[in-house]
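Chemist: got a sequence here, can you model it:
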Amino acid sequence: MRVVDSVGWIEYFVDGPLAERYARYIENPDELATPSIVICEVFKKVLRDSGERPAVEAIANMQKTTVVPLTSELAVNAAEIGIAHKLPMADAIVYATAQSVNATVVTSDQHFKGLPEVEFVG
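Modeler: Numbering: from 1, shown residues only. Purely as a prediction, here's the structure:
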């Protein structure tokens with residue numbers, strides 16, 4: 001199981017330089033878990049940059065994965081992880097979510113550098 005971070009989804013949807021590398025994960029939605037905060041981040045970015053229709057289409061694709069909601073327990077775990085690893089809030093939630101479902105985080109975000117169970121795309 002893998003969790004693709006927001007940067008990966010955005011790269012994929014905007015056909016960025018790393019889109020093909022992320023495609024191998026994203027195009028296998030049965031093997032993905034998606035934190036609800038990633039849906040928020042991706043929707044916001046695509047909506048702002050490309051408009052409502054592409055944003056809705058992006059979210060429709062993301063919902064083919066196993067969406068993991070932010071529960072109180074997960075929020076507390078994310079706060080602890082954020083402090084322990086000096087992660088920004090959204091990244092801490094992504095990392096905590098991945099841990100909660102025994103998944104590897106797939107990302108290009110340098111905040112995750114050096115953390116266990118992180119696969120860098122770059």
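Chemist: name the helix or strand for the closest residue to residue 95 other than its chain neighbours, please.
Modeler: Nearest in space to residue 95, with sequence neighbours left out and distances taken as CB to CB, 6 or more residues apart in numbering, is residue 81 at 5.5 Å. Backbone N, C-alpha and C define where each C-beta goes, glycine included. Following DSSP states H and E, the helix or strand that holds residue 81 is helix 72-85.
Chemist: now the helix or strand just after that helix: average pLDDT?
Modeler: Helices and strands here follow DSSP H and E; after helix 72-85, the next one along the chain is helix 89-100. The pLDDT scores in helix 89-100 average 98.
Chemist: what number of residues lie near residue 77?
Modeler: Neighbours of residue 77 under the rule other CB atoms under 10 Å: 18.
Chemist: OK, contacts around the residue nearest to residue 95?
Modeler: Residue 81 sits next to 87, 92, 95-96, 99 when contact means CB atoms under 8 Å, 6 or more residues apart in numbering.
Chemist: and of these, the nearest to residue 26?
Modeler: Distance to residue 26 across the contacts of residue 81 (CB to CB) is lowest for residue 95, with 18.9 Å.
Chemist: give the contact list for that closest one.
Modeler: Residue 95 neighbours (CB under 8 Å, 6+ apart): 78, 81, 85, 87, 105, 112, 115, 118.
Chemist: columns distance to residue 32 on top of the residues you listed, output as a markdown table?
Modeler: Listed next are the contacts of residue 95 as a markdown table, based on distance: CB to CB, whole Å:
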| residue | distance to residue 32 |
| --- | --- |
| 78 | 19 |
| 81 | 20 |
| 85 | 22 |
| 87 | 21 |
| 105 | 11 |
| 112 | 17 |
| 115 | 19 |
| 118 | 15 |
